[in-house]
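In: sequence below, structure please.
(chains A and B)
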Amino acid sequence: MGWLQIALYFVVLLLCAKPLGLFMAKVLEGQPTWLSRLLGPLERLIYRLSGIKPDTEQSWKTYAVAAILFNLVGMLAVYALQRVQGCLPLNPAGMAGVAPDSSFNTASSFATNTNWQGYGGESTMSYLTQMLALGVQNFVSAATGIAVVVALIRGIRAREASAIGNFWADLTRSTVYILLPLSLLLSIVFVSQGMVQTFQPFAKAQLVQAAKDTDGKPVIEQTIALGPVASQVAIKQLGTNGGGFFNVNSAHPFENPTPLTNFLSVLAILLIPAALCVTFGEMVKDRRQGWAVLAAMTALLLIFLVPCIMAEKSGNPAFKSLGLATTANWEGKEARLGIENSALWATTTTAASNGSVNAMHDSFTPVGGLMPMVLMQLGEVVFGGVGSGLYGMLVFAIVTVFVAGLMVGRTPEYLGKKIEAFEMKMASLVILIPCCLVLICTALALVWPTSPPPSGEEGLGAGGTIVSQGVKGMANPGPHGFSELLYAYSSMGNNNGSAFAGFSANVPFHNFLGGIAMWLSRFWLMVPVLAIAGSLARKKVVPAGPGTLPTHTMLFVVMLCSVVLIVAGLTFVPALVLGPGIEQLRMSGGRH
Amino acid sequence: MRELATAVRIFVVLTILTGVLYPLVVTGIAQVAFKEKANGSLIQRRGQVVGSRLIGQPFDDPRYFWSRPSATAPFPYNAAASSGSNLGPTNPALIGEMGSDGKPISGAIADRVAALKAAGSDDGPVPTDLVTASASGLDPNISPEAAEFQVARVAKVRGLTTERVRELVKAHTSERQIGLFGEPVVNVLELNLALDGSK
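Out: Numbers count the residues shown, from 1 in each chain, chains lettered A, B, ... in the order given. Okay, the predicted model is just below:
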């Protein structure tokens, strides 16, 4: 039954990708669709209120400035709303303002489509902050991603042009015609399954059997956190955001009440990234190009999905000696969802830069947890973020034709455009920046002392040494603790947002370092991508010759996958050996 | 500078659209079409809210079916602060370890197994989901095997026949959704409420 669910998932995903992809191509070309009648007035109203002329073409520099300014404004708003939420309405639980370091981290996180969460939603954020700060970023950060990839596609297909489109129009069209209607539809289905959507204060229930808290005091009442959840969860999944309304994200029964909501949620994670491949093929007038990219993404996902499922099912050998019925790894998983659905979610959410979870990755087996970690380290190009995944993968495609060109001694070209030194420099930046961020931040955290150096027992490691910031945050001992740290910066450095959640990241050091890493990883990649778009747009189209490497064939798909895997392998294998590698050896050897 | 003005203006407009109008429209539709579910699927008994169909509660009395272990603080099944245990697979706090004196130190799973046995549950292998913490700490369900494991104990303590208890378990078991999705599960809170009501 488990494998059947997985197979069905891929069938439905690929069936949905084509119609949605073709629809998005029309929307992003500014052509009328069946939704134009209904939403056209809304689109034009937005242009009028904002003073936008949607037909004005922008150079790549203007486009980049617009994207960055827009996201900076959003970041400021998210920061400010968190700081002052205590004085604002729609705060029935009386949440106080959030601390500056945490607010900064969250603002960077949501503006960059990362949605890393150092805080617990139901115990930190007011309903107003969830909607007005976080919910809005879920939409516009995703729309920004779509805008940038469309600009790149326009650059690829343009002939000696200086402009790559209008950022404001791309942003508006993505939001109005793609993200809003899909979110509306999905959230209503979610509510029909039991996901909550209310502005009422938290409910109080009399416990059937009284419990005791850690101090031994009796507890007779259960406070049940509620909120406008469904509307936020729909866009959180569709926009590859992943920021949970509740602390445990989509493991929470109110955020993922049934196996059906689970299926639709995990479908929504990959839906737009998959469909964008079709959009790409359509817009460059060679659909095979889009299918080739989609095939590479799907193949890479399967390479990591299957071992993850098998590792979680075969589970923890220690369970046998503890007298349990099976060794399947149920720790940190929900009974209604099961093992296969947890592994499917873990790999899709990290393949895409979603980062929501329906199980606790921290409790996964070493191999089970390795798979999502590596998927992030691949640079979020296996489906990746909405828009950002495809532009990342197209950059890898450029690198692939370059490598192939080196092998046969010809000038590389991609879709009729010569790839030259400038494109390769920019492509190298796009690939190397996240790798550097992950490794450097992890290393910094491991050596940065907890400060001020604490006196007495606390904060001191064995032999009285000062514990580093990285080590202090670890919840699990041994190599698994290192995995937690590496996972945290793999997630933030690649704009994913999922976590080995035992790791205590909500301290000023990690909030600042991670906040900066997320910002750099998003916008320092976006700018070189737009630079490539501008540079390609200016070039002539050269007709394909006998030396041209066709980029729609199985051979190219294999080469593209290999390049992606080799870059990440060369970068991360040493670090991975120290974490999941050692832990796996210890677990299978029965030594803890 | 012109771009900055545009950025601020469109940000405000999109905020009103996606941050105010969108959630309000969804809430409006939800409150009209699915009122009970949109407000948390709350269960009432004699005018008193006793829980939510979707949120588990802690049980450790032998007369009740036990839920899965919950890692929420400061008490289990705290529905205002969801949390998993986040214990890794080799963490001694989860699976125990051999102490330096050669005696095993028990972890969370062994403690839980011991508590179940002390309460008079079946001997024999313990269903894994019943002794491992859920992801949310609020899991309302256990597997049918975990329920069956507790049937004899509950029947004995309550003086009911095992057939009667099994009937109730069956009545509160949901099969896979559409026969395909997810796993078959038993809703522990509803089952226990039914037990209390079946004197």
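
In: strands of chain B, residue ranges please.
Out: Assignment of strands within chain B using DSSP state E yields the ranges B:42-45, B:48-52, B:97-98, B:104-105, B:141-142, B:173-174, B:185-187.

In: next one: chain A
Out: A:203-212, A:218-224, A:413-414, A:417-418.

In: sheet partners, orientation included, of the second one?
Out: Translated: strand A:218-224. strand A:203-212 (antiparallel) (DSSP bridges).

In: in the partner strand, what's buried?
Out: Within strand A:203-212, the residues that qualify as buried are A:203, A:205, A:207, A:208, A:211, counting by 16 or more other Cβ atoms under 10 Å in any protein chain shown. The C-beta positions use only the backbone N, C-alpha and C, and glycine is treated the same way.

In: just stretch B:106-115 next, same as before
Out: Buried residues in stretch B:106-115 (16+ other Cβ under 10 Å): B:106, B:107, B:108, B:109, B:110, B:112, B:113.

In: out of the residues you listed, which are close to chain A?
Out: B:109, B:110, B:113 (Cβ under 8 Å from any Cβ of the partner chain).

In: not counting residues beside it along the chain, what's closest to the residue of chain B found nearest chain A?
Out: Going by Cβ to the nearest Cβ, chain A is nearest to residue B:182 of chain B, at 2.6 Å. The shortest distance from residue B:182 to any non-neighbouring residue, by Cβ to Cβ, 6 or more residues apart in numbering or on different chains, is to residue A:259 (2.6 Å).

In: so what's that neighbour up against?
Out: By Cβ atoms under 8 Å, 6 or more residues apart in numbering or on different chains, the contact list for residue A:259 reads A:336, A:337, A:338, A:341, B:176, B:177, B:181, B:182, B:183.

In: pick out the lowest-pLDDT one from those.
Out: Taken together, those show their lowest pLDDT at residue B:177, with 91.

In: leaving out chain neighbours, which residue sits closest to that one?
Out: Counting by Cβ to Cβ, 6+ apart, the residue nearest residue B:177 is residue A:259, at 4.6 Å.

In: what is the neighbour count of residue 143?
Out: Because you didn't say which chain, this covers chain A. Around residue A:143 there are 27 other residues, counting by other Cβ atoms under 10 Å in any protein chain shown.

In: chain B is the one I meant
Out: By other Cβ under 10 Å, the residues close to residue B:143 number 23.

In: that one contacts residue B:185, correct?
Out: Yes - contact criterion Cβ atoms under 8 Å: residue B:143 and residue B:185 qualify, at 6.4 Å.

In: contacts for stretch B:42-58?
Out: By Cβ under 8 Å, 6+ apart, stretch B:42-58 touches A:194, A:203-209, A:211, A:222, A:224, A:253-254, A:257, B:36, B:40-41, B:67-68, B:70, B:75-77, B:79, B:134, B:138-141, B:187-190, B:193.

In: make a PyMOL selection of the buried ones in those residues.
Out: In PyMOL, a selection of the buried entries from the contacts of stretch B:42-58 looks like this (16+ other Cβ under 10 Å):
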select buried, (chain A and resi 194+203+205+207+208+211+222+224+253+254+257) or (chain B and resi 40+41+67+68+70+75+76+77+79+134+138+139+140+141+187+188+189+190+193)
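
In: do you know the pLDDT at residue 17?
Out: By default, I'm working from chain A. 97.

In: chain B, not that one
Out: For residue B:17, the model assigns a pLDDT of 97.

In: count of neighbours near it?
Out: The number of residues packed around residue B:17, counting by other Cβ under 10 Å, is 19.

In: contacting residues for it?
Out: Counted by Cβ under 8 Å, 6+ apart, residue B:17 has contacts A:42, A:46, A:175, A:180.

In: how about the last one, nearest residue that isn't a chain neighbour?
Out: If you skip the residues right next to it in sequence, residue A:180 has residue B:22 as its closest partner in space, 6.6 Å away by Cβ to Cβ, 6+ apart.

In: quick check: the gap between the one you found and residue A:110.
Out: To residue A:110, residue B:22 is 16 Å away according to Cβ to Cβ, to the nearest Å.

In: next one: phi and psi at the residue positioned nearest the centre of chain B?
Out: Closest residue to the average C-alpha location of chain B: residue B:139 at 1.5 Å, with Cα atoms, centre = their mean. Backbone geometry at residue B:139, expressed as degrees, to the nearest 10, gives phi -60, psi 120.

In: what residues are up against residue B:94?
Out: Counted by Cβ under 8 Å, 6+ apart, residue B:94 has contacts A:331, A:363, B:85, B:87, B:88, B:107, B:108, B:109.

In: do the same with residue A:355
Out: So residue A:355 contacts A:114, A:115, A:116, A:241, A:242, A:243, A:349, A:491, A:496, A:497, A:498, A:499 (Cβ under 8 Å, 6+ apart).

In: which one of the residues you listed sits closest to chain B?
Out: Closest to chain B out of the contacts of residue A:355 is residue A:499 (9.3 Å), distances taken as Cβ to the nearest Cβ.

In: and the closest residue to residue A:586 other than its chain neighbours, how far from residue B:159?
Out: Closest residue to residue A:586 apart from its sequence neighbours, by Cβ to Cβ, 6+ apart: residue B:90 at 5.7 Å. The gap separating residue B:90 from residue B:159 is 44 Å, by Cβ to Cβ.

In: neighbour count winner among those two?
Out: Using other Cβ under 10 Å, the more surrounded residue of residue B:90 and residue B:159 is residue B:90, with 25 against 7.

In: from memory that one sits against residue A:481, does it?
Out: No - using Cβ under 8 Å, residue B:90 makes no contact with residue A:481, being 10.6 Å away.

In: the residue nearest to residue B:195 when sequence neighbours are not counted and residue B:121, how far apart?
Out: Spatial nearest neighbour of residue B:195, chain neighbours left out: residue B:168 (6.3 Å); criterion: Cβ to Cβ, 6+ apart. Using Cβ to Cβ, residue B:168 is found at 17 Å from residue B:121.

In: likewise for residue A:119?
Out: Distance from residue A:119 to residue B:121, by Cβ to Cβ: 39 Å.

In: over to residue A:32?
Out: 66 Å.

In: comparing the two, which shows the higher neighbour count?
Out: With neighbours defined as other Cβ under 10 Å, residue A:32 and residue B:121 compare such that residue B:121 has more, 20 against 10.

In: go ahead and confirm the more buried one touches residue B:148.
Out: No - judged on Cβ under 8 Å, residue B:121 makes no contact with residue B:148 at a distance of 10.6 Å.

In: quick one: least confident of the contacts of residue B:94?
Out: Out of the contacts of residue B:94, that is residue B:107, at 92.

In: ok, that one - contacts?
Out: B:91, B:92, B:93, B:94, B:95, B:96, B:97.

In: can you check residue A:24 too?
Out: A:146, A:178, A:272, A:275, A:276, A:278, A:279.

In: try residue A:271
Out: A:13, A:16, A:17, A:20, A:182, A:238.

In: could you redo the last one with a cut-off of 10 Å?
Out: A:12-13, A:16-17, A:20-21, A:182, A:186, A:237-238, A:240, A:264, A:352, A:383, A:386 (Cβ atoms under 10 Å, 6 or more residues apart in numbering or on different chains).

In: for the residue nearest to residue B:195, the count of nearby residues, please.
Out: Other residues close to residue B:168 by other Cβ under 10 Å number 22.

In: next one: residue A:367
Out: With other Cβ under 10 Å as criterion, residue A:367 counts 19.

In: apart from its neighbours in sequence, what residue is nearest it?
Out: residue A:311 (3.8 Å).

In: wait, the one you found sits on residue A:347?
Out: No - the pair residue A:311 / residue A:347 is not scored as a contact, 11.1 Å apart, by Cβ atoms under 10 Å.
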